[in-house]
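**Student:** Provided below are the primary sequence and the corresponding predicted coordinates.
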2 protein chains.
Amino acid sequence: MEHLPIFSEVVRRVTSMDVILGLLHQRPYTGYEIKHAFQHQFSYFFDASFGTIYPTLGKMEKLGYITKESIPQDNRPVKHLYSLTDEGRKQFREYLVSPLEPESFRCDFLVRLTFGEHLGTDALIRLVEENLNGSRAYLAELEGKWTKFCDRMSPSQEIAIRIGIESNKARVKVLEEGLAKLKGKGL
Amino acid sequence: MEHLPIFSEVVRRVTSMDVILGLLHQRPYTGYEIKHAFQHQFSYFFDASFGTIYPTLGKMEKLGYITKESIPQDNRPVKHLYSLTDEGRKQFREYLVSPLEPESFRCDFLVRLTFGEHLGTDALIRLVEENLNGSRAYLAELEGKWTKFCDRMSPSQEIAIRIGIESNKARVKVLEEGLAKLKGKGL
DNA sequence: AAAGACATGTAAGCCGTTACATGATTAA
DNA sequence: TTAATCATGTAACGGCTTACATGTCTTT
């Protein structure tokens, strides 16, 4: 079988457009600022490159979800500041109430662990160590963000960042224990 | 700036090919069986559809990474059983020692939480409840897999599944606490 | 009667990344 | 002098999903 959708409400992936629409609820943004927000506010669950952001903004303007204000600058390209329209707000609503996309995430590190037997103990230990360091740094970053912004976060944003922090703590713990075990075998 | 790679070792994403190559180290597989393995062994960090698997197998055969054995059947399409070649083994090695892809994962649920203020308390509570139920079910699934297969898992596979289990436990806890808080405000 | 396992494939289209293209200003 | 910040865009190409195309056999 495997067939016959016909009328099922189809699940779509979150796209850059959805997130940009959400972001523009705060205030108008330029493409450059959107990239900055992706990296500094959303990096733990979203990212997109300029190669996505600029064409997406163009598409959104054509669809009437946003309007563009062009601001000339000295020795710089014209700055384009985009604002949300009512159409855009409506579109975002539609995203928010659409069926939630099932979480299926692709993780290079977990793939390598799964096939880690073909890697040799030394390389495996190095892999886990590297990831442990990365996870610790990442955890510190999230905790920094938390202490810095927790007073300005909505209740649901608190949940979001605490999911990041707590699941990362758990990960660090597993990695530490696993590493000790791997090293114990080597002796 | 943002430019000039020139000679940096470029990071590539894990592809279905990498995972198929890893899987075929165990034994020969058909495309259909590979899909099954993706869903039942690897679902918590990888998935791919038939629309990816079959064309990928064709490409891999052309590249000499695998060989095909065709097995005729009654009232069924010819079954193609694929085996790893030395070239394929070599290619997989290259993946294993290539630079680890940085984790950037896109999570619909976290996006919705971040912009959850535009959703209204009731809808937000429903969203969190749904996700909590899903997370609990998923955790149970992982724990089932763990008790079932832990004696047959390599040390690194143990680490992989325990990362899944422990970070999911942490997530469930955050979700429970967050939900209680959201409901407390409603009263 | 329906659902699920078994079994393979193609075509259209979306969404995304990297690399290319261009350059001034300011701080370390 | 190197790197970072500011600022916008296009073109080539890759990988993946969904829908289409086509069934039989077995279990509930």
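**Tutor:** Looks like it arrived, so ask away.
**Student:** residue A:17: neighbouring residues, count only.
**Tutor:** For residue A:17, the number of neighbouring residues by other CB atoms under 10 Å in any protein chain shown comes to 21. For every residue, glycine as well, the C-beta is placed using N, CA and C.
**Student:** return the set of buried residues in the lengthiest helix in chain A.
**Tutor:** Secondary structure of chain A read by DSSP state H shows that its longest helix is helix A:155-186. Neighbour-count burial for helix A:155-186 flags A:155-175, A:178-179, A:182 (criterion: 16 or more other CB atoms under 10 Å in any protein chain shown).
**Student:** and it with chain B, contact?
**Tutor:** Yes: interface with chain B: helix A:155-186 contributes A:155-160, A:162-164, A:166-171, A:173-175, A:178, A:181-182, A:185 (CB under 8 Å from any CB of the partner chain).
**Student:** contacts only, for the residue lying closest to residue A:106 once chain neighbours are set aside.
**Tutor:** Leaving aside its chain neighbours, residue A:106 sits nearest to residue B:46 (5.5 Å; criterion: CB to CB, 6 or more residues apart in numbering or on different chains). Residue B:46 makes contacts with A:104, A:106-107, A:110-111, B:14, B:19, B:38, as judged by CB atoms under 8 Å, 6 or more residues apart in numbering or on different chains.
**Student:** count the neighbours of the one residue in chain A that gets nearest to DNA strand C for me.
**Tutor:** For chain A and DNA strand C, the shortest gap (CB to the nearest atom of the strand) falls at residue A:51, measuring 2.2 Å. With neighbours defined by other CB under 10 Å, the count for residue A:51 comes to 8.
**Student:** helix or strand for it, which one?
**Tutor:** Element membership for residue A:51, per DSSP states H and E: helix A:50-62.
**Student:** what are the buried residues along that helix?
**Tutor:** Neighbour-count burial for helix A:50-62 flags A:52-53, A:56-57, A:60-61 (criterion: 16+ other CB under 10 Å).
**Student:** quick one: name the residues of chain A near DNA strand D.
**Tutor:** Residues of chain A lying close to DNA strand D (CB under 7 Å from any atom of the strand) are A:1-3, A:5, A:10-11, A:30-33, A:36, A:50-51, A:54-55, A:57-58, A:73, A:76-80.
**Student:** whichever of the residues you listed end up buried, select them in PyMOL.
**Tutor:** In PyMOL, this line selects whichever of these come out buried by 16+ other CB under 10 Å:
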select buried, chain A and resi 30+31+57+80
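**Student:** and the residue of chain A nearest DNA strand D?
**Tutor:** Here chain A gets closest to DNA strand D at one residue, residue A:32, 3.1 Å apart by CB to the nearest atom of the strand.
**Student:** and that residue, what's its pLDDT?
**Tutor:** On pLDDT, residue A:32 comes in at 98.
**Student:** same check on residue A:10?
**Tutor:** As predicted, residue A:10 sits at a pLDDT of 72.
**Student:** and the gap between it and residue A:73?
**Tutor:** In this view, residue A:10 and residue A:73 are 43 Å apart by CB to CB, to the nearest Å.
**Student:** so who does residue A:74 touch?
**Tutor:** If you count contacts by CB under 8 Å, 6+ apart, residue A:74 has none.
**Student:** for residue A:70, give me phi and psi.
**Tutor:** Note on residue A:70: its backbone torsions stand at phi -100, psi 120 [degrees, to the nearest 10].
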